[in-house]
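**Student:** predicted coordinates and the sequence they were generated for:
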Number of protein chains: 2
Amino acid sequence: MADALSFLIADDHPMVRDALASALGQAFSGAAIAMAGTFAEVQVELEREPEVDALLLDLDMPGMDGLTGLALLRSDHPAVPIIIVSAAREPATIRRAYEFGASAYIDKSASLDEIARIVRAVLAGEIFAPPEAGPADSFAQRAAQLTPQQWRVLALMVQGDQNKQIAHKLGVGEATVKAHVTVILRKLGVRSRTQAVIEARNLALPQPEPVRP
Amino acid sequence: MADALSFLIADDHPMVRDALASALGQAFSGAAIAMAGTFAEVQVELEREPEVDALLLDLDMPGMDGLTGLALLRSDHPAVPIIIVSAAREPATIRRAYEFGASAYIDKSASLDEIARIVRAVLAGEIFAPPEAGPADSFAQRAAQLTPQQWRVLALMVQGDQNKQIAHKLGVGEATVKAHVTVILRKLGVRSRTQAVIEARNLALPQPEPVRP
DNA sequence: CTCACCATTCGACCAAAGTCGAAGGTCTGA
DNA sequence: TCAGACCTTCGACTTTGGTCGAATGGTGAG
């Protein structure tokens, strides 16, 4: 399987999807390219074909609460390299994306050549994540310790679901969900569900906006 | 008291405070001008002197969770006209500010003449709030029904406080806080504390950011 | 003044959230 | 194969959250 590459492109904007697909098809002839327009579709595709060589992911898709969705995918499929493709964002968001396991970041204004170059580098095993990362975001550090199932529980908590609803959606007992919540609260360093939701939402919605007087 | 006007300027940036003070002092000679740099200071000043003719308020101050703080002040002092002074914001935020009882909106890049003109209009009883407002934000409409004490409770809920802590901070029993929470949930149309906090925080942090490809 | 209305307060009761301990499953390295 | 670590699951128990009914006190309409 020398050149039987496969990619998954996730973006809610069809135009962007096609542009990325054309860029990849040109740079890697014969590559299999799958598409997804919502967070749910991404999960389905990855479930069907977990062996993709790279996932090109937009952070502003319906269903994924920003970085929460990234972390969720990352937990479910640790082996899949994830390349963030998004509009210009604050450096803090980009840094956090790396902390959550993203392999690279591509600005939507990048040229097709640039995209191909970055994807090729990721496939070669290079990670564009800055090895330094500085002191890093403390909450992100703590959140990175969560297991896949715990991420799913947290993602539903952030949407306002109660334990009973979460249990039903995940197909487990309510007692199980409660146990997960307990661990989540301890790992995040908070003392109530409400505080956990507040902190998690700060991840999804980085800054109100920069001040420009 | 023909021209014994008094103003309260609330902004965490000293430079902006001085600019506003100079604009008002020039346009309304003899006016008494008080200052505040945090949300807590605003509350103290309004408690000490509730008869101010206008409050010039910055939304990005420490302590006030965006529009939550505005609504809180509005509930505590319904008679004080509030003029929002802030950096450029999305139209949705400005619209919501009006729904929460703001009398006018001044961009920080406005000239001193413009500021004086708007303040004069507000003092004359004119409200710059668009009478139409369209379908309006449904949550904001529901939230506007909250009483002052209920706003205080909600503001503390949004910070992640538990009922016991809220009771202590407000100097009432825990049972009282629970009763308030019940009414708040019903008025907001949600079924749990977590959902209420999620919706309330959507007010404070409008959008992630505009897309600029 | 009297009545009605509403904000605020609380106690008693029920539902949801959170804690503790434990069992079974999987994977890794000795 | 066995030991240890970890994820997932759950039941029993405690704490917190939320509902209902009721008493108090203020305020405005008639």
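**Tutor:** Perfect, I can see it now.
**Student:** going forward, measure contacts and count neighbours with C-alpha atoms only.
**Tutor:** OK.
**Student:** export the helix or strand A:L185 falls within as PDB, just CAs?
**Tutor:** Per DSSP states H and E, A:L185 falls inside helix A:174-188. Taking Å, rounded to 0.1, in the frame of the first residue of the first chain, the C-alpha atoms of helix A:174-188 are listed here in PDB:
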ATOM      1  CA  GLU A 174     -27.100   6.500  35.300                       C
ATOM      2  CA  ALA A 175     -24.800   5.300  38.100                       C
ATOM      3  CA  THR A 176     -22.100   4.900  35.600                       C
ATOM      4  CA  VAL A 177     -22.500   8.500  34.300                       C
ATOM      5  CA  LYS A 178     -22.400   9.800  37.900                       C
ATOM      6  CA  ALA A 179     -19.100   7.900  38.400                       C
ATOM      7  CA  HIS A 180     -17.600   9.500  35.300                       C
ATOM      8  CA  VAL A 181     -18.800  12.900  36.400                       C
ATOM      9  CA  THR A 182     -17.000  12.500  39.700                       C
ATOM     10  CA  VAL A 183     -13.800  11.700  38.000                       C
ATOM     11  CA  ILE A 184     -14.200  14.500  35.500                       C
ATOM     12  CA  LEU A 185     -14.700  17.000  38.300                       C
ATOM     13  CA  ARG A 186     -11.600  15.800  40.100                       C
ATOM     14  CA  LYS A 187      -9.500  15.900  37.000                       C
ATOM     15  CA  LEU A 188     -10.600  19.400  36.100                       C
END
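**Student:** does it reach DNA strand C?
**Tutor:** Yes: residues of helix A:174-188 are located near DNA strand C by C-alpha under 7 Å from any atom of the strand, namely A:175, A:178-179, A:181-183, A:185-186.
**Student:** most neighbours of all those, which one?
**Tutor:** Neighbour counts for the residues of helix A:174-188 next to DNA strand C (other C-alpha atoms under 10 Å in any protein chain shown) peak at A:V181, which has 20 neighbours.
**Student:** what sits against that one?
**Tutor:** Counting by C-alpha atoms under 8 Å, 6 or more residues apart in numbering or on different chains, A:V181 touches A:150, A:153-154, A:193.
**Student:** hmm, back to that, near DNA strand D, from the residues of helix A:174-188 next to DNA strand C?
**Tutor:** Residues of the residues of helix A:174-188 next to DNA strand C in contact with DNA strand D (C-alpha under 7 Å from any atom of the strand): A:175, A:179.
**Student:** related to what we said a few turns ago, and after the helix holding A:L185, which helix or strand comes next?
**Tutor:** Heading C-terminal from helix A:174-188, the first helix or strand you meet, by DSSP H and E, is helix A:193-204.
**Student:** what comes into contact with that following helix?
**Tutor:** Residues contacting helix A:193-204 (C-alpha under 8 Å, 6+ apart): A:65-68, A:139, A:154, A:157-158, A:181, A:185, A:188, A:190, B:158-161, B:193-194, B:197-198.
**Student:** at 7 Å instead, please
**Tutor:** A:65-68, A:157-158, A:185, A:190, B:160, B:194 (C-alpha atoms under 7 Å, 6 or more residues apart in numbering or on different chains).
**Student:** which one of those residues is nearest DNA strand C?
**Tutor:** Of all those, DNA strand C sits closest to A:L185, with 6.0 Å by C-alpha to the nearest atom of the strand.
**Student:** show me the contacts for the closest one.
**Tutor:** Going by C-alpha under 7 Å, 6+ apart, A:L185 touches A:191-192, A:196.
**Student:** any idea how far it is from A:V197?
**Tutor:** To A:V197, A:L185 is 10 Å away according to C-alpha to C-alpha, to the nearest Å.
**Student:** now swap in A:A40 and tell me
**Tutor:** Counting by C-alpha to C-alpha - A:A40 and A:V197 are separated by 21 Å.
**Student:** more neighbours, the two?
**Tutor:** When A:A40 and A:V197 are compared for neighbours, A:V197 comes out ahead with 23 against 12, by other C-alpha under 10 Å.
**Student:** would you point out the helix or strand in chain A whose mean pLDDT is lowest?
**Tutor:** None of the helices or strands of chain A scores lower by mean pLDDT, DSSP states H and E than helix A:138-143, at a mean of 66.
**Student:** hang on, the earlier thing: near DNA strand D, which of the contacts of A:V181 show up?
**Tutor:** Counting by C-alpha under 7 Å from any atom of the strand, A:Q150 from those sit close to DNA strand D.
**Student:** just the contacts of A:V181: which are in helices?
**Tutor:** A:150, A:153-154, A:193 (DSSP state H).
**Student:** quick one: which of these is most hemmed in?
**Tutor:** Within those, neighbour counts (other C-alpha under 10 Å) peak at A:L154, which reaches 25 neighbours.
**Student:** spell out which parts of chain A neighbour DNA strand C.
**Tutor:** Within chain A, the residues that sit near DNA strand C (C-alpha under 7 Å from any atom of the strand) are A:161-164, A:175, A:178-179, A:181-183, A:185-186, A:191-194.
**Student:** which of the residues you listed sits closest to B:Y105?
**Tutor:** Distance ranking of these against B:Y105, using C-alpha to C-alpha, places A:T194 first at 32.7 Å.
**Student:** that closest one: neighbour count?
**Tutor:** Number of residues near A:T194 (other C-alpha under 10 Å) recorded here: 25.
**Student:** distance check, it against B:A23.
**Tutor:** Relative to B:A23, A:T194 is positioned 43 Å away (C-alpha to C-alpha).
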